[in-house]
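Visitor: Mind folding the following:
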Amino acid sequence: MGHHHDHSHGSNKKALMFSFIIITIFMIVEAIGGIMTNSLALISDAGHMLSDAVSLGVGLLAFKMGEKVADYNKTYGYKRFEILAAVFNGVTLILIAIYIFYEAFHRFQNPPEVTSTWMLVIASIGLIVNLVVAWVLMRGDTNHNLNLRAVFLHVLGDLLGSVGAIVAALLIIFFDWGWADPLASVIVAGLVLISGWRVTKDSIHVLMEGVPKNLDLEEIIKAVESIEGINSIHDLHVWSITSGQNALSCHAVVDGDKSIEDCQLLLRDVEHHLEHKGIGHVTIQLESNDHPHSETLMCNGDE
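Guide: Alright, predicted model coming up:
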């Protein structure tokens, strides 16, 4: 389990580094192209790419910070920094979407002249770049790592932005529909806004130490209480330290005649059950029916 985490961590970091280089280079190209062609679709996509570059940089910093070992000041280490990076990325997406809506509103009222041919060329290159970057990021752990998922959604928004810009350029070329440029921007902004909201909501849920979305609390309670030797559990807490690293603490009531050896065997049994439920860090306080909260034995387990 730990080896798998190290492997996915390394591949995630490589994916971010590659994406950061490619996105930053093309962001500069698209920004210049957007200004030269006077296309809001390209400018907004370049702005989105700028946020991608920033989020990728923050994401890389988050992985680097997460590698720092735990100390007396940060007993869980610095892995929670990844979630802070995901919050930053999500909020950035929301702000960018609002800005695009604002710009598009003015352009609907007075559509400017757009150099549609170059707009089409630049947007097509952008689509290829975003497809490559999205493919690289998809090979990482986007299902369980919130930070990487936030970056992936940034790039997905870019990809859709490039598609929108291509369609808008074709409509301007063939039908002279100037409003197609701001319309494409509005559609992309809506998708960006949804992505930003989801990432921000999921990240805040982790920061508030909510129950991880992939865990069923009722199922966990049944699994622990079904173990022979455990009568009941209370003061249960389940949370995420960072993406893919779940923790649990609780009080478990057991028979009062348990020896230390019995407690250790019981704890190993609980850890085994919880590991299969996706929980790696476990803290159980064992107490007897006769003396709850007193004469307790603290047993800790960590994967």
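
Visitor: Surely residue 202 touches residue 213?
Guide: Yes - Residue 202 lies in contact with residue 213 (CB atoms under 8 Å); the separation is 7.4 Å. C-betas here are computed from N, CA, C, even on glycine.

Visitor: Which one's more surrounded, those two?
Guide: residue 202 (19 against 9; other CB atoms under 10 Å).

Visitor: Give me the three-state assignment for the more buried one.
Guide: At residue 202 the chain is in helix, as set by DSSP: H, G, I helix; E, B strand; the rest coil.

Visitor: Could you report the pLDDT at it?
Guide: Predicted confidence (pLDDT) for residue 202: 88.

Visitor: And for the one 10 residues further on?
Guide: Reading off the per-residue confidence, residue 212 sits at a pLDDT of 90.

Visitor: Kindly report the same for residue 248.
Guide: So residue 248 comes in at 93 (pLDDT).

Visitor: Please enumerate the strands of the stretch 151-300 of the chain.
Guide: Assignment of strands within the stretch 151-300 of the chain using DSSP state E, counting those that start in this stretch yields the ranges 230-242, 245-254, 281-288, 297-302.

Visitor: The third one pairs with which strands?
Guide: Under the criterion DSSP bridges, strand 281-288 sits next to strand 245-254 (parallel), strand 297-302 (antiparallel) in its sheet.

Visitor: Could you give the backbone dihedrals for residue 120?
Guide: Main-chain dihedrals, residue 120, degrees, to the nearest 10: phi -60, psi -40.

Visitor: how far away is the residue nearest to it when sequence neighbours are not counted from residue 138?
Guide: Closest residue to residue 120 in three dimensions, ignoring its sequence neighbours and counting by CB to CB, 6 or more residues apart in numbering: residue 169, at 3.8 Å. Going from residue 169 to residue 138 by CB to CB, to the nearest Å gives 27 Å.

Visitor: for this protein, what helix or strand is lowest in average pLDDT?
Guide: In the chain, no helix or strand scores lower on mean pLDDT, DSSP states H and E than strand 297-302, which sits at a mean of 47.

Visitor: Low-confidence regions, the stretch 51-200 of the chain specifically.
Guide: Within the stretch 51-200 of the chain, the stretches with pLDDT under 70 are 66, 141-147.

Visitor: now the stretch 201-303 of the chain
Guide: Using pLDDT under 70, the stretch 201-303 of the chain drops low at 290-303.

Visitor: ok and the strand or helix carrying residue 33 relative to strand 245-254, angle-wise?
Guide: Element membership for residue 33, per DSSP states H and E: helix 2-37. Counting by axes from the mean of the first three to the mean of the last three CA atoms, to 10 degrees, helix 2-37 lies at 140 degrees to strand 245-254.
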